[in-house]
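> fold the following and give me the result.
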Amino acid sequence: MGLIDFLKSLLGIDSTPEYMRRPGRMPSSAEGRDYVSRPHETPASTAQTSTRPRANSQLNGLDVDKFAPLTTKEALGETGAADWKSAYYDSTWVIPPEDLPRIRVIDGTMVGLGLISSEELARIHEIGREMGPYQNQNQWGIVEQAATDAVTQSREQRQRIKDEKKRAAEERRQKHVAAVAHRRATDIVFLGRGVSKGLSDRRANVEKLEANHLPILAAPADLASAMGIAIPKLRWLAFHSEAPTRTHYVYFKIPKKGGGERRLAAPHKQLAAAQRWIFENVLNKLPVHDAAHGFVRERSTVTNADVHVGADVVINADLCDFFPTITFFRVAGLFRSFGYSPAVATILALICTECPRDAVTFAGETYYPATGQRGLPQGACTSPAISNLICRNLDLRFAAIANRMQWRYTRYADDLTLSTSKEHGDKIGYMLARIRHIAEDEGFRINAKKTRVQRNHMRQSVTGIVVNDKRSIDRRTIRRLRAILHNAKRTGFAAQNTENRPHFESWLLGMIAYVSMVNPERGHELREQFEALR
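Numbering: from 1, shown residues only. Sure thing, here's the model as predicted:
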């Protein structure tokens, strides 16, 4: 069995010549030896076919005839000996030429069995011809160099992509830095944790602002321009920090009249100027309730006491922690109620409020951590005006219930006073309950220890002024001033400063002025004695 027959048997192709399969036809020995198995030819044409010229060996436009079985002469060639190379010795990376007999057999078999199309086979051999010039060179060196070149090219391409990404990232970073710098110079978007929520909302109610005759401000830049300061300074004044190393206030304590100490916070110059602008251009233009007498122009403790002179029953109540109870969020809501945008209202509220703080030293550095939430500081010029505006609804409700029950109501800062005549003094318990309920409903709390019910058979005082029959100063204060002036004739003013008050003469003159405001006649007498001693 020859190689061709063996391959045909492996592929399941019948190698018996067609003339041998015909009934009654037996070929001669010469015919049988020369014929390899060409099914479409008869034995008579075998000699002619074996010597016919082969068609073009190019595979473009292949047809079935090019892949027909070969004759023995075609397979063996002119030498008559087969030149079959084992696939084991062939280079695995080289595509053999298509004109080799064994390759033609393999190509014809693959196409005939439908394993590959003629076009795909033609493309494979075309690539093989392109690789031909390199077969005599160092094949593995070429492969290695090609691989190295491919890796180098891949690395260079990745490096170019990486460099491009870095360049783009740097451009984005520079644009971001420039945008942040521009935004910081022209806008405010953050002022601390927990207080910056409304800074993105720039919608103002222009109609309401115009009705209240207030400056029309919608954005932080509008507020900075109106105040005459730069955006960075406005941000510095309004920024909220939990534990700064510097604050905008100077803290100190003064003794209370009833015992204990009162903590005051005086703002530094720049913050005080900003608060003064807010007071003059915003707060001072808004009306307060008629019952408010504290920190109101042309009103004082005297006008507050005059309302209750000669009453049969006087009720005094005090609001606990009055300024600290008015928190940052209530102040911001107040400014929004005027028509200001949430952004402007937030900045105004931050300028007008501050946290209670204590000094703490850590690692040689002094910090001022917040010990509570932001509220109105006692010492800022804006705090009294804001408190009066916050209490407008409180005053409205107290005044309404007082009018309905034939009582009178006034408020001086955190001191609430209600009084009535003898005919309507039977509702004291009900009035005390309503005072507590209304105060709590408005966000305040009554100090029960300072709540007093004063009848006309005892001394009735309102904000330190006696109001039983007429407006006057209590006798203890008058006697004390008289004693100081009388003894100073012999010992001088310094010897009478038993409480070690600084600037004692100024304090004494201020007390005389206060008496003159309440009782001009008595104050005039004391003033003459003081001038005589000078």
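
> which positions in stretch 458-465 come out as buried?
Neighbour-count burial for stretch 458-465 flags Gln460, Ser461, Val462, Thr463, Gly464, Ile465 (criterion: 16 or more other C-beta atoms under 10 Å). Placement of C-beta: from N, CA and C, glycine included.

> tell me the pLDDT at the last one?
The model reports Ile465 with a pLDDT of 95.

> how close does it sit to Arg455?
Going from Ile465 to Arg455 by C-beta to C-beta, to the nearest Å gives 17 Å.

> low-confidence ranges, the chain, go.
1-93, 133-143 (pLDDT under 70).

> which strands and helices sit next to the helix or strand hosting Arg262?
If you go by DSSP states H and E, Arg262 is part of strand 261-267. The helices and strands touching strand 261-267, judged by 3 or more C-beta pairs under 8 Å, 6 or more residues apart in numbering; DSSP states H and E, are strand 249-255.

> what comes up buried for the strand it packs on?
Tyr249, Tyr251.

> closest one to Tyr249 out of the buried residues of stretch 458-465, please.
Thr463 (27.3 Å; C-beta to C-beta).

> so the closest one makes contact with Arg411?
No: contact criterion C-beta atoms under 8 Å: Thr463 and Arg411 do not qualify, at 10.1 Å.

> where do the contact lists of these two overlap?
Asn304, Thr417 (C-beta atoms under 8 Å, 6 or more residues apart in numbering).

> let's see which of the buried residues of stretch 458-465 end up in strands.
Ser461, Val462, Ile465 (DSSP state E).

> might you report the residue contacts of the closest residue to the second one other than its chain neighbours?
Translated: Val462. Spatially, and ignoring its direct neighbours in sequence, Val462 is nearest to Ala305 (4.3 Å; C-beta to C-beta, 6 or more residues apart in numbering). Neighbouring residues of Ala305 by C-beta under 8 Å, 6+ apart: Val462, Thr463, Ile465, Val467, Arg471.

> between those, which is nearest Leu223?
Thr463 (36.4 Å).

> how close does the closest one get to Asp415?
Thr463 is 6 Å from Asp415, by C-beta to C-beta.

> same deal with Cys352?
Separation of Cys352 from Asp415 (C-beta to C-beta): 22 Å.

> so which of those two has more stuff around it?
With neighbours defined as other C-beta atoms under 10 Å, Cys352 and Asp415 compare such that Cys352 has more, 32 against 20.

> returning to that earlier point: beyond the helix or strand where the residue nearest to Val462 lies, next helix or strand please.
Taking DSSP H and E as the criterion, the element that holds Ala305 is helix 301-306. Downstream of helix 301-306, the first helix or strand assigned by DSSP H and E is strand 313-318.

> list phi and psi for Phe115.
For the record, residue 115 is Leu, not Phe. phi -80, psi -20 (degrees, to the nearest 10).

> what's the burial count for it?
Neighbours of Leu115 using other C-beta under 10 Å come to 10.

> and the gap between it and Asp107?
10 Å.

> what residue is smack in the middle of the chain?
Phe190 (7.7 Å; C-alpha atoms, centre = their mean).

> shouldn't it be in contact with Gly198?
No: Phe190 lies out of contact with Gly198 (C-beta under 8 Å); the separation is 11.7 Å.

> ok, now which ones touch the closest residue in space to Thr301 that isn't next to it in sequence?
Take Thr301 and drop its neighbours on the chain: the residue closest to it by C-beta to C-beta, 6+ apart is Thr463, 4.1 Å away. Contacts for Thr463 were tallied using C-beta under 8 Å, 6+ apart; they are Thr301, Asn304, Ala305, Tyr412, Asp415, Thr417.

> same check on Leu508?
By C-beta under 8 Å, 6+ apart, the contact set of Leu508 is Leu481, Ile484, Phe493, Phe530.

> identify the farthest-apart pair in those residues.
For these, and using C-beta to C-beta, no pair is farther apart than Leu481 and Phe493, which are 12.6 Å apart.

> neighbour count for those two, which is higher?
It is Leu481, of Leu481 and Phe493, that has more neighbours when counted by other C-beta under 10 Å, with 21 against 16.

> where's that one, which helix or strand?
When elements are assigned from DSSP H and E, Leu481 belongs to helix 475-491.

> what's the answer for Thr152, then?
Counting by DSSP H and E, Thr152 is found in helix 139-186.

> after that helix, next one along is what?
Taking DSSP H and E, what comes next after helix 139-186 is helix 206-211.

> list the buried residues in that following helix.
Leu209.

> contacting residues around that helix?
Residues contacting helix 206-211 (C-beta under 8 Å, 6+ apart): Pro215, Ile216, Leu217, Phe338, Gly339, Tyr340.

> got a winner among those residues for most neighbours?
Tyr340 (29 neighbours).

> Three-state assignment for that one, please.
At Tyr340 the chain is in coil, as set by DSSP: H, G, I helix; E, B strand; the rest coil.

> dump the residue contacts of it.
With C-beta under 8 Å, 6+ apart, Tyr340 has these contacts: Ala204, Asn205, Leu209, Leu214, Leu217, Ala218, Leu348.

> what's the farthest-apart pair in those?
Asn205 and Leu348 (14.8 Å).

> who's more crowded, these two?
Higher neighbour count among Asn205 and Leu348: Leu348, with 27 against 17, using other C-beta under 10 Å.

> so how far is Ala273 from the more buried one?
14 Å.

> list the buried ones in stretch 262-273?
Buried, per 16+ other C-beta under 10 Å, within stretch 262-273: Ala265, Pro267, Leu271, Ala272.

> what does that stretch rub up against?
Contacts for stretch 262-273 (C-beta under 8 Å, 6+ apart): 233, 237, 248-256, 275, 351, 354, 356, 377-381.

> Thr301 is in contact with Tyr412, isn't it?
Yes: look at Thr301 against Tyr412 with C-beta under 8 Å: they come within range, at 6.3 Å.

> intersection of neighbour lists for those two?
His293, Thr463.

> just the strands in this protein please.
Taking DSSP E as the test, the strands found in the chain are 249-255, 261-267, 313-318, 360-362, 365-367, 407-412, 415-420, 452-455, 461-462, 465-466.

> switch those over to CSV; also include distance to Asn281.
Formatted as CSV, the strands of the chain follow (distance: least, C-beta to C-beta, whole Å):
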stretch, distance to Asn281
strand 249-255, 22
strand 261-267, 17
strand 313-318, 32
strand 360-362, 37
strand 365-367, 34
strand 407-412, 25
strand 415-420, 29
strand 452-455, 40
strand 461-462, 33
strand 465-466, 34
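
> tell me which of those strands lies nearest to Asp222.
strand 261-267 (22.9 Å).

> for that closest one, the distance to its chain's centre please.
Mean-position distance between strand 261-267 and its chain equals 34 Å (C-alpha atoms, centre = their mean, to the nearest Å).

> same question for stretch 246-258.
Counting by C-alpha atoms, centre = their mean, stretch 246-258 comes out at 35 Å from the chain centroid.

> for it, measure first residue to last.
End-to-end span of stretch 246-258 (C-alpha to C-alpha, to the nearest Å): 33 Å.

> what's the answer for stretch 365-374, then?
In stretch 365-374, first residue to last residue: 24 Å (C-alpha to C-alpha).

> mind listing what's buried along that stretch?
For stretch 365-374, by 16+ other C-beta under 10 Å, it's Tyr367, Tyr368, Ala370, Arg374.
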